[in-house]
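In: sequence-free structure coming up:
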C-alpha cells in the first residue's frame, strides 16, 4: 500500500517539530557536577552531625568554641556533598528522591542552627522540586522563607526567573532580571537568561538576531556553551536543522548533556520524518540514517525514563515514528509493551495507525484515524483517511466520506487540494463522469479564487490526458496564486513542471520574497531542467547564496555538483559529489562519482564508491560499478558485476545499460589475453552456457553459475538462458559432460550441442539484441566483412596495435629516467615468459637486466623478484637455485601473482587461437597458438608453482611510497611495487632482471642491494657451466651478462688445464663472450673498464705461456671490436695502458698485441 508523497508530506506532526521549551530551561540548570554519586538516602553522618550540633550548641560554653568550629568545618564539607547529590537527583529526573532528601534535612533538629547560606540553597532546591511538580502555590512559601533569610539572595531571583519561564510570565521575568541587576549579576548571565526567556516565548528570530550576524554566532559567544545551546534550539524550532546541528555540536563539545545528544539525533531524523511518511518512498540511504538514529535514541532511554509524562511521551513518539518507517510490524508489537498511559495518547495512536497502514492492515488504520478525527477534526487527518481509501481503490468509500463531511470548511487549508483531487478522480474511477463534471462546476463557483482547487482540477485533467484543459486550469490557479500560501505555490510549480510548463513554474516561484527550503529546491530544480545558460547562472547564484549561510544540506550539494557537470567542470563536480557522499553515503552519489572520476581518470577512493553500488540491485548502478572496476583493471570483478546487472534486467532492454555492457568488452578487444579469448569448451564446467537440443530440435540454453548471490530463482530466464546456481541438482546431471553427450532433464533426453563461456554468451546476446533493437544507434554498428578480403576492415586496428608495441619498446629501451618495466610489454602476465623469449631473440634488441653485483653475503636473505623467477625458469635454473642456495625468499604478492597466472593458463582450454599483426613490410601476419604450445605454457608455470612451494615469504610495508605508487600505477602492477616496500636488512639482496625496477629501488629503498640472475648463477654454477650460460646470454644481448668476478672464475677454469685455441674450444667460447659483450659502442664503453681490470688481474696471476696466450686473445678481441665499431683506436690503447704505469713489460706486451691486430 502506497500513499503518495504529496499526501504524506502534509502530516507533519507539530510535536516532532518543536522542543518542549519548559523542559529545556529547567533541565539545563542542573548541569553542575557531572561526576555523579547517587545515594538513595541522605548520608547518616550528616544527620548525626546535625543532631549533635544542635545539642552541642544548646549546651556549649566559651571553652568549647574551638571544638564547635572544627565540627562545623567537617559539616560544611558533608553538606556540600549532600547538596550536590540532591542536584544530581534532580538533574537525572529522580525528583522524588531529591524531595525525600530535602525534607529529611529540613525536618532534622539541627536544621535551623546551620549557616544561612546552606538553608537558602536547600530551600532553593526544594523550590526546584516543587517547580518540577507544578506546585506553584507552595512555591510562594519557599520564596518567603528565602526572603526572610536574605532579601537580596541570588537563589530567590533564580527561583522567580524559573517560575516566570515555567508560566511564561513576562512580569515575573522582569522582576527577576531587575533583582539580578541589583545584585550585580554579570551582563553575560543576564543576556543568557533573556535569550532563554525569548525561547520560552517562541521568539526564535529574536534570539538569532541577538546572537548572530548572518547566521554566524557573534565572536563574543563563540565559546559560550549556554549561548550555543540556545542558538541551536532556536534554529531547531525554525526547522533549520543544519544550522541547529552546527551549534548543538559546538555546545556539546564544550559541555556535553544527554538532551543535547537527543536534539542532535532529532535534527538529523526529523527532516526525513517530515518528508517521508511511509517506507515505500524512503530511500535505502535514509533508512540507514534512521536506523542509526533509532539506536542512538534508545541509548538515551535511561535519561528519559524518570522524566514527566509529557517529555517521556515526546521521546517515545520519536522512537516509534522512526521505528514505524524502518520496521512497522516490529513497531506494532513493541508498542504493546508501552504503559497504557502512553499508548492512549493521540500522537501514539496516530503512529500506530501509520504502522497498520504500512503493513497493509488498512481497516485498523482507518479506524484509528477516524477515532482521532472525531476528537480532533482536521483537514490533515481527513486527508489521511481519504488517502488510504483512495490507495486501496475504495473510490466509493472516498465519495461516501466526503459526502458526509463539510470539507468546505477546510478550503483555506493546504490539504484541501489533495482531498479534492481524490474526490474528483474517485468520480472518474467509478465512471461517474456526469458527477465529476457537476462537482467541478459547483466547486469552481464556491471557490472562485482557490488556487489549490484549480491545481487539483488541472491534475485531474492531466491524468485524464486532457492537456489543454489542464493548462487552462493552471492559468486559473496562477491568476489567484497571490491569495494562497507558499506551500500551495510550491506544489503548483511542481504541477506545472509535471505538465511540462517550465516557464509557468518559474513564473509561479519567482515572486517569493523569502524561499522556504522546499520552495528554493523546487525553483532550482526547475531552473536546471530548462538547461539555458541564463537559468544555470541564476541557479549558481542561488546555490552560492545558500552555501554562504553555512548550509550544507545534501540536496544543495547535489545540485551544485550537477551544475558543475553541466558546465563540464569535472573537478568541481567531483569535489561536491565527494562532500555529499561523505555526508550521506548513497548509491546515487556513488554512481555520479564513478561516472565523473572515470571520465577524468581520477580513481581516488573509487573502490569505496564501487562497493556502495555493488550492494544495490539496480541494474544501472551495478553496471556503473562494473565500469569503475574495469577502469582500475579489475576486469574479472567488472564482468561478474555487469553480468549481475543484466540478470536483474530479465527480458527488459535499456539502450544505455546495454551500451555500457558492450563497451566493457569493446575496450578490451585490442589487448585480448589468451584467457579472455578462450570462449568455447568441450566439457561442461561452471560459468558456462550449455546449449541442449532435444530429439525434436528444440533448444534450451542453461547457465551454470559459480557465484550464487544474484540468483533469485532457479531457472529464471535472463540473458538469453536459464540461470542456475551452483547449489542446484542440475550440476549433478550436467557437470563434466562433453559435446555430444546425452543428459536427461525432466524426463526429456537432451544432447549437448555447445559449451560457451557465460560472459561471451552474454556479449553475443546483448550485441544481437542491441543491434536489432537500436539499429540506428551511433554506439554500435554492424560492419559486414567481405569474402574476398575479410581482413581489410581490421587493418586500422592492427596498425594501431603495431604503433603501440613500437612505442612501448621505445620506452623500454629509454636510458632516461626509470623507463617502463618489461611486464608492460605483455598484455597478460601469463605471457611474460614469451616476452623474455622475444626480447632475447629480437634482432638489435637488448634485454636490460642491470649490472651484475656479487652476492657478497653470508647471513643476508636472497630475494627473488617476479622477473628473476620467470627468467631463471626460462633458462632452466630456477629449481637449482632454490635447491642449492639457502635463505631464498620472495614476497607474498609475487607468489600470489604466480599462482593466479598458473590458474589462468590452466583455464585457457584447448581450442586453437592465434595472434594477428602487421609485419615490418606492412603485410598481414597470423601466428596460430596450438594446443601443444598451451600445454607447454601450463607446464612452464606449473614448474614455477611447484618450485616455489617451500620458499620463504619476506615482509613488505605497503604503507610506504604512496605517491610513487600512485604515479606509476599505470605502468606497474601491484606486485611489482613489492621490492620498493621490502623492509631490508643490511646484507639482503634482490635478484631482479628488470632494469626499470632496479632503478626505482635505488631511489626508494637504498638499503636493499640488487643484482640480476647472473649474480646468483655465478654462486651455484661451475666454471664450465658458466662459460656456456654466459656465452648464450651474451649472444642474446642480455645486459649485463657478467661481472669481473664471473670472467675471472672462467679464466681460472681455462688456465687450470692446457689452453687450446681454436674453433669450438673453451677458449673460443670465452672470446665469444667478449665479442658479444662488445655488440655496440655503448656496451663497449660500459664493459671496457671491466675487461681492463681482468687483463691486469691475469697479469698478476700468471707467469706461464697459457696465461699470456689468453691475454693475447683478450686484447686481440678488444682491438677487433674497436675496428668493427669504429671506436678511437689510440684512445682505447692509451686507456688499456694506464694501469701499467711504469711497468714496461706489461705496457710493451699490450702495445705489441694490440698493434699486431
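Out: All right, it came through fine. Keep in mind it's a predicted model, so treat the numbers as computed, not measured.
In: pull the number of nearby residues for the residue lying closest to residue 291 once chain neighbours are set aside.
Out: The shortest distance from residue 291 to any non-neighbouring residue, by CB to CB, 6 or more residues apart in numbering, is to residue 326 (5.8 Å). For every residue, glycine as well, the C-beta is placed using N, CA and C. For residue 326, the number of neighbouring residues by other CB atoms under 10 Å comes to 17.
In: same thing with residue 766?
Out: Neighbours of residue 766 (other CB under 10 Å): 22.
In: ok, it - contacts?
Out: 646, 658, 661, 662, 719 (CB atoms under 8 Å, 6 or more residues apart in numbering).
In: quick one: which of these is nearest residue 886?
Out: Nearest to residue 886 out of the contacts of residue 766 is residue 661 (CB to CB; 52.7 Å).
In: contacts only, for the closest one.
Out: Here residue 661 is in contact with 623, 626, 642, 645, 646, 762, 763, 766 (CB under 8 Å, 6+ apart).
In: I'd guessed the residue nearest to residue 291 sits against residue 290; true?
Out: Yes - using CB atoms under 8 Å, residue 326 is in contact with residue 290, at 5.8 Å.
In: joint contacts of the two?
Out: With CB under 8 Å, 6+ apart, residue 326 and residue 290 have no common neighbours.
In: residues near residue 150, how many?
Out: Neighbour count of residue 150, defined by other CB under 10 Å: 14.
In: next one: residue 343
Out: 14.
In: need the nearest residue in space to it, chain neighbours excluded.
Out: Spatial nearest neighbour of residue 343, chain neighbours left out: residue 335 (6.4 Å); criterion: CB to CB, 6+ apart.
In: could you give the number of residues near that neighbour?
Out: Neighbour tally, residue 335, other CB under 10 Å: 20.
In: what pLDDT is listed against it?
Out: For residue 335, the pLDDT comes out at 89.
In: so it sits right up against residue 347, yeah?
Out: No - Residue 335 lies out of contact with residue 347 (CB under 8 Å); the separation is 11.9 Å.
In: from the contacts of residue 766, pick the one nearest residue 687.
Out: Each of the contacts of residue 766 was scored against residue 687 by CB to CB, and residue 719 proved nearest at 12.7 Å.
In: surely the closest one meets residue 703?
Out: Yes - counting by CB under 8 Å, residue 719 does reach residue 703; the two are 7.3 Å apart.
In: can I see the domain layout of this structure?
Out: With domains defined by automatic domain parsing, the chain comprises 19-201, 586-649, 678-776, 799-1017, 1036-1155.
In: how far does the last one stretch from start to finish?
Out: It stands for domain 1036-1155. This stretch, domain 1036-1155, spans 30 Å end to end (CA to CA, to the nearest Å).
In: so for that domain, what's the average pLDDT?
Out: Rounded mean pLDDT across domain 1036-1155 is 89.
In: closest to residue 560 out of the domains of the chain?
Out: domain 586-649 (12.0 Å).
In: residue contacts, the spatially most central residue of the chain?
Out: In the chain, the centroid-proximal residue (CA atoms, centre = their mean) is residue 608; its distance is 3.2 Å. Residue 608 makes contacts with residue 590, as judged by CB under 8 Å, 6+ apart.
In: also residue 191?
Out: Applying CB under 8 Å, 6+ apart, the residues near residue 191 are 210, 227.
In: which helix or strand contains it?
Out: Assessed by DSSP states H and E, residue 191 sits inside helix 187-200.
In: and for the following helix or strand past that helix, what are the contacting residues?
Out: Remark: after helix 187-200, the chain's next helix or strand is helix 204-211, criterion DSSP H and E. The contact list for helix 204-211 (CB under 8 Å, 6+ apart) reads 191, 194-195, 198-199, 215, 217-218, 221, 227, 230-231, 234-235, 237-238.
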